[in-house]
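A.B. asks: Requesting a structural model of the entry that follows:
(one chain, ligands or ions: 1)
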Amino acid sequence: MISLRDLTKRYGDKVVVDRLSVELAPGKVTGFLGPNGAGKSTTMRMVLGLDRPTAGQALVDGKPYAELHHPMRRIGALLDAKAVHPGRTARNHLKAMARSNGLPLRRVDDVLETVGLTEVADRRAGKFSLGMGQRLGIAGALLGDPEILMFDEPVNGLDPDGVRWIRGLMRSLAAEGRTVFVSSHLMSEMQTTADQLVVIGKGKLIADAPITEVIEASSLTAVRVRTPQPDELEQQLLVAGMRVERRGGDELIVTGGTLDRIGGVAHQAGVRINELSPREASLEQAYMELTASSVEFAAPSSQEGQAPADGIDEKERV
Ligand SMILES: Nc1ncnc2c1ncn2[C@@H]1O[C@H](COP(=O)(O)OP(=O)(O)OP(=O)(O)O)[C@@H](O)[C@H]1O
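C.D. replies: Predicted coordinates:
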């Protein structure tokens, strides 16, 4: 279990991590999201005892990293895949890690196998491709067979095969009951990998919720309703506290209500429904909305690539 309690880091007068309190649950992949400079890497470094909190605590199984007996058996991390001696072979790199951390040497072959590097184990790490380097970094994280894994941007720069492999690995580590904490810029990637999301902006917690809730809470998640009695239904939905946008003819776009609630309101009002269809925001849209005010260096305003206000693609409009 990783617990962040009012975790704060200041550099000079800049607050980089601001009273962050989060508990990361085992058996789940928790995605750690935030715009550039939000404080993700700094948070992860504090969990590993590489940076000292200015205030608050980052605890691993209830203790600061420095007080753990066999830290690599508790938590394994990939922060910087390039932190490998280029002249060492992959196998020797892992052996050195195992020796200096009191881990059994037989683990080296196990983790080489897990990450698919057995064939190239005796090649020098300096000659490895980016993807092989990432795999070696992950092998190092797995060496102590820890219950907690933390990866900082593990898919950065990987080809689709590498991305798929890491996704599968994270899912299977969580399925074994481990705590998996992974930062990423790739929302689409998190949408398929994470169960839970922790979103920060300018060091502050913005959201800590299951991914489904983050998407549901987006104002871009809507329901399209078609009815021959749009005035009546609009009235009843407004009374029930939902927001309704009229689309001319028989179409309403409803936000703030689930399919079930909208169906219930229509049924009670005796309104006939011809279509009731969900329009889910993508995680990307929900995320952009959440972090809009936390982006440190925004690009000059551009409409390009922005989601339409109701989250419905132009091509879906009829
Ligand atoms: N050693 C340091 N001294 C001063 N400022 C620092 C130091 N390390 C990080 N920062 C600042 O802290 C802020 C947060 O950085 P951090 O790397 O934690 O963000 P991040 O969310 O991981 O961003 P990215 O996604 O771009 O990696 C940035 O503004 C960064 O410039």
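A.B. asks: Looking at this structure, which helix is longest?
C.D. replies: helix 160-175 (DSSP state H).
A.B. asks: mean confidence score for the next helix or strand after that one?
C.D. replies: Per DSSP states H and E, the first helix or strand lying C-terminal to helix 160-175 is strand 179-183. Mean pLDDT, computed over strand 179-183, is 96.
A.B. asks: Strand 179-183 and the ligand, are they touching?
C.D. replies: No - Strand 179-183 stays clear of the ligand (C-beta under 6 Å from any ligand atom), getting no nearer than 6.8 Å. For every residue, glycine as well, the C-beta is placed using N, CA and C.
A.B. asks: Residue numbering should commence at 246 henceforth.
C.D. replies: All set: I'll call the first residue 246, so the last point we hit is now strand 424-428.
A.B. asks: what packs against that strand?
C.D. replies: strand 273-278, helix 285-292, strand 393-397, helix 405-420 (3 or more C-beta pairs under 8 Å, 6 or more residues apart in numbering; DSSP states H and E).
A.B. asks: got the contact list for it?
C.D. replies: Contacts to strand 424-428, defined as C-beta atoms under 8 Å, 6 or more residues apart in numbering, come from residues 246-247, 269-279, 285-286, 289, 392-399, 415, 418-419, 438-439.
A.B. asks: show me which of those residues neighbour the ligand.
C.D. replies: Answer for the contacts of strand 424-428 near the ligand (C-beta under 6 Å from any ligand atom): 279, 285, 286.
A.B. asks: From residue 388, how far off is the first one?
C.D. replies: By that I understand residue 279. For residue 279, the distance to residue 388 equals 29 Å [C-beta to C-beta, to the nearest Å].
A.B. asks: neighbour-wise, which of those two wins?
C.D. replies: Between residue 279 and residue 388, counted using other C-beta atoms under 10 Å, the more crowded position is residue 279 (25 against 22).
A.B. asks: what residues are up against the more buried one?
C.D. replies: Per C-beta under 8 Å, 6+ apart, neighbours of residue 279: 285, 428, 444, 445, 446, 451, 536, 539.
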